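Participant: please find the sequence and the predicted model below.
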Amino acid sequence: IGHVIHPKSGGGFSFSTAPVEIWALARRSEIQVSGEFEILSPPPYRSARLNAQRGTFTRLTHPVHVDVESYLVSRGVGTSLEKFEISAQAVGQALHDLELMGITFATMFPDIDGIARQANMGSLWKTIGQTGRRKN
């Protein structure tokens with residue numbers, strides 16, 4: 001969210017017009033190639049943040065492709081990766097919807113940073129309105 005909504009010095013927020021991209025990777029065994037492209041899940045005891053986020057990582061060590069998208073497309077399994085774009089205007093509504101589902105900064109980052117980010121959302125909601133739309 002930091003690249004869409006920026007705090008202003010002296011209070012308030014400024015808003016970017018750039019969309020937010022969210023990527024989803026299907027965890028199918030046929031897309032993994034040992035030593036080249038692997039889907040990794042860290043042990044659950046490593047980090048409270050990783051546990052809360054159910055973090056999964058990819059490791060790509062291909063000599064030509066440096067990004068997951070072009071690598072999967074080159075192998076004919078590009079449909080395993082989906083990109084969802086949320087317009088900058090819809091980010092506030094999306095955050096509000098996530099909050100209604102119990103997904104917040106405080107639940108995704110269960111530490112002092114997450115609590116602080118969640119507390120700061122109160123100021124943001126006052127600026128853009130409870131439904132994520134800017135007040136005029």
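Facilitator: Received the coordinates, thanks.
Participant: use CA for all of it now, contacts and neighbours both
Facilitator: Will do.
Participant: quickly list what the residue nearest to the spatial centre of the chain is bridged to.
Facilitator: The chain has residue 22 as the residue nearest its centroid, 5.9 Å off, counting by Cα atoms, centre = their mean. Beta-bridge pairing for residue 22 (DSSP bridges): residue 84.
Participant: surely it touches residue 81?
Facilitator: No - counting by Cα atoms under 8 Å, residue 22 does not reach residue 81; the two are 10.5 Å apart.
Participant: now the strands for the chain?
Facilitator: Applying DSSP state E to the chain gives strands spanning 5-7, 13-15, 20-25, 37-40, 57-60, 81-86.
Participant: which one of the ones you listed lies nearest to residue 93?
Facilitator: Residue 93 lies closest, by Cα to Cα, to one member of these: strand 81-86, at 10.0 Å.
Participant: quick one: contacts of the closest one?
Facilitator: Residues outside strand 81-86 that contact it (Cα atoms under 8 Å, 6 or more residues apart in numbering) are 19-26, 69, 72.
Participant: coming back round to it: now the strands of the chain in JSON lines, with distance to residue 96?
Facilitator: Formatted as JSON lines, those follow (distance: least, Cα to Cα, whole Å):
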{"stretch": "strand 5-7", "distance to residue 96": "14"}
{"stretch": "strand 13-15", "distance to residue 96": "16"}
{"stretch": "strand 20-25", "distance to residue 96": "15"}
{"stretch": "strand 37-40", "distance to residue 96": "30"}
{"stretch": "strand 57-60", "distance to residue 96": "27"}
{"stretch": "strand 81-86", "distance to residue 96": "13"}
